[in-house]
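1. Return a 3D structure for these sequence lines:
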Amino acid sequence: MWRSRIRPNLLEEVHQRLLQLIEVNQKEIIGIAEATEQEVKALQRELEQLRSETLEVIELVDRLLEEEQRARRRLAEVSSDFSRYSEADIKEAYEQAQQLQLDLLSLRSREKVLRARRDDLERTLKFLLLTKERAERLASRVAVVLDYLRKDLQELNDNWQKMLSRQDLAMKVLEAQEEERRRIAREIHDGPAQSMASVVLRVEYCLKLLTKKPEAMSKELVALQELVRGSLQEVRKIIYDLRPMALDDLGLVAALEQFLDHVRVLHQLEVEFVVMGSPRRLPGPQEAAIFRIVQEAVNNTIKHAAATRVMVKLEFVNRRLNLVVKDNGKGFVVQKVSKGPRKGFGLWSMRERAELLGSELGIFSNPGQGTVITLSVPLAGEEGENGSN
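-> Predicted structure coming up:
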């Protein structure tokens, strides 16, 4: 069966896995953005401290440079005037100038290192800020995509479920068609076909009597007439089951009256048919669907409910037709029947017809409390007409 190859929850599983994967990656991106932000803050603090330290060193270098320049001028002065300054003075000036040069060289080296470190931190900070901005922007985009995916995938999943439902519907329709064909074939084989075979045999017998016992012909022809009449009734019953003529000729109410009279006589069932409001003809598809729902509900009562009484009520009100089918049978658990091996084919077919009518079938039953079927059908064409008045 091609139906069995389709996993009904496949798209839902893919849907959930895809959303989970995107959500996990979204969290990772947010985590990257948060970690980058923490690193940026730490780097900003370090850079601020480094900038302050670099500025202090630069100021110290400037001051030391002035001192070193004064020391060199002092050394030049004492070195050129031996009459005023002693050798010790010259030595002291020289050592002072030399020490200042060494200190200045050390500070300039430190300044260079600090400047390089500062520039490196500034580049790193710029890169981290850009990374943080990209991560936040990407997280925002992923959030938007995730939101769209949730909506679109849910819509896709709903469409998938509808497709599966249509496949299930198609399968059930095929099953119903095959079951109906088997039933009709059985009825024709057991009824009209057998009768026609008997007619052929009796006609052959009549032909023999015509030459041998003409006086017995009358009795045999009467029997043949009854056989043909019975066959005709069986054929009419099969035709009625396929499509009652009264439904097309006289409408829904007359067709239901005829059907319920037949049920009353054939099954010895107490049947009450109530019509309220002003009966009127409905479009053919509406009448056919409502008739089949009543037919299916009553047939279910006959087959399964062991009921002695059934009531069918039609109420024609403004813009709607309300239907109630109620029996005093043994009842059942609706959920259990709906989930059984055949999934309540009769109930399913009634629900499907109700949906085609733009309505919803109500099924109320409990063991020992009978069953009530309800339906409220919007009448075609009347919504717009009444709305325009």
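2. Just give me the neighbour total for Leu357.
-> Using other Cβ atoms under 10 Å, Leu357 has 21 other residues around it. For every residue, glycine as well, the C-beta is placed using N, CA and C.
3. pretty sure it is touching Phe291, no?
-> No - contact criterion Cβ atoms under 8 Å: Leu357 and Phe291 do not qualify, at 11.6 Å.
4. mind listing the helices for the stretch 201-350 of the chain?
-> Under the criterion DSSP state H, counting those that start in this stretch, helices of the stretch 201-350 of the chain are mapped to 217-242, 245-249, 252-267, 284-300, 334-338, 345-356.
5. Give me the phi and psi for Ile363.
-> Reported as degrees, to the nearest 10, the phi and psi values for Ile363 are phi -120, psi 120.
6. what pairs with it across the strands?
-> Ile373 (DSSP bridges).
7. Contact partners for it?
-> Val334, Leu347, Thr371, Val372, Ile373 (Cβ atoms under 8 Å, 6 or more residues apart in numbering).
8. just the helices of the stretch 201-350 of the chain: most buried one?
-> Mean neighbour count (mean count of other Cβ atoms under 10 Å) peaks for helix 284-300 among those, with a mean of 19.
9. Val294 contacts Met311, correct?
-> No - contact criterion Cβ under 8 Å: Val294 and Met311 do not qualify, at 11.4 Å.
10. which residues do those two both contact?
-> Common neighbours of Val294 and Met311 (Cβ under 8 Å, 6+ apart) are Val325.
11. Stretch 77-97: which residues count as buried?
-> Within stretch 77-97, the residues scored as buried using 16 or more other Cβ atoms under 10 Å are Val78, Tyr85, Asp89, Ile90, Ala93, Tyr94, Gln96, Ala97.
12. And the third one, how close does it get to Asp81?
-> Here the distance between Asp89 and Asp81 works out to 10 Å (Cβ to Cβ, to the nearest Å).
13. confidence score at the residue in the chain sticking out farthest from the centre?
-> What lies farthest from the middle of the chain is Ser83; by Cα atoms, centre = their mean that is 109.0 Å. According to the prediction, Ser83 has pLDDT 76.
14. Kindly report the same for Glu175.
-> Reported pLDDT for Glu175: 64.
15. for Val145, same thing?
-> Here, the pLDDT recorded for Val145 equals 73.
16. for the one 10 residues further on, same thing?
-> Confidence per residue is given as pLDDT, and for Glu155 that number is 67.
17. again, but for Val253
-> 93.
18. any idea how far it lies from Arg63?
-> Look at Val253 and Arg63: by Cβ to Cβ, they are 114 Å apart.
19. helices or strands next to the strand or helix carrying Glu34 in the packing?
-> Element membership for Glu34 (DSSP states H and E) is helix 10-80. On a contact count with 3 or more Cβ pairs under 8 Å, 6 or more residues apart in numbering; DSSP states H and E, helix 10-80 meets helix 87-188.
20. so can I have TSV of the helices of the stretch 201-350 of the chain showing distance to Glu136?
-> Output for these, formatted as TSV (distance: least, Cβ to Cβ, whole Å):
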stretch	distance to Glu136
helix 217-242	69
helix 245-249	68
helix 252-267	66
helix 284-300	58
helix 334-338	50
helix 345-356	48
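21. between those, which gets nearest to Glu28?
-> Nearest to Glu28 among the helices of the stretch 201-350 of the chain is helix 334-338; the distance by Cβ to Cβ comes to 44.0 Å.
22. for the stretch 1-150 of the chain, which spans come out with low pLDDT?
-> Residues of the stretch 1-150 of the chain meeting the criterion pLDDT under 70: 1-12, 14-15, 149-150.
23. if we go to 50?
-> The stretch 1-150 of the chain contains residues with pLDDT under 50 at 1-6.
24. so which of the helices of the stretch 201-350 of the chain comes closest to Ala139?
-> Closest approach to Ala139 among these is made by helix 345-356 (43.7 Å; Cβ to Cβ).
25. ok now that closest one, how far from the chain's centre?
-> 21 Å (Cα atoms, centre = their mean, to the nearest Å).
26. And it, what does it pack against?
-> Partner elements for helix 345-356 (3+ Cβ pairs under 8 Å, 6+ apart): helix 87-188, helix 284-300, helix 334-338.
27. Dump the contacts of Ile363 into JSON lines; add distance to Leu121 and pLDDT as well.
-> JSON lines is the format used below for the contacts of Ile363 (distance: Cβ to Cβ, whole Å; pLDDT from 0 to 100):
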{"residue": "Val334", "distance to Leu121": "74", "pLDDT": "83"}
{"residue": "Leu347", "distance to Leu121": "76", "pLDDT": "80"}
{"residue": "Thr371", "distance to Leu121": "82", "pLDDT": "94"}
{"residue": "Val372", "distance to Leu121": "81", "pLDDT": "95"}
{"residue": "Ile373", "distance to Leu121": "80", "pLDDT": "94"}
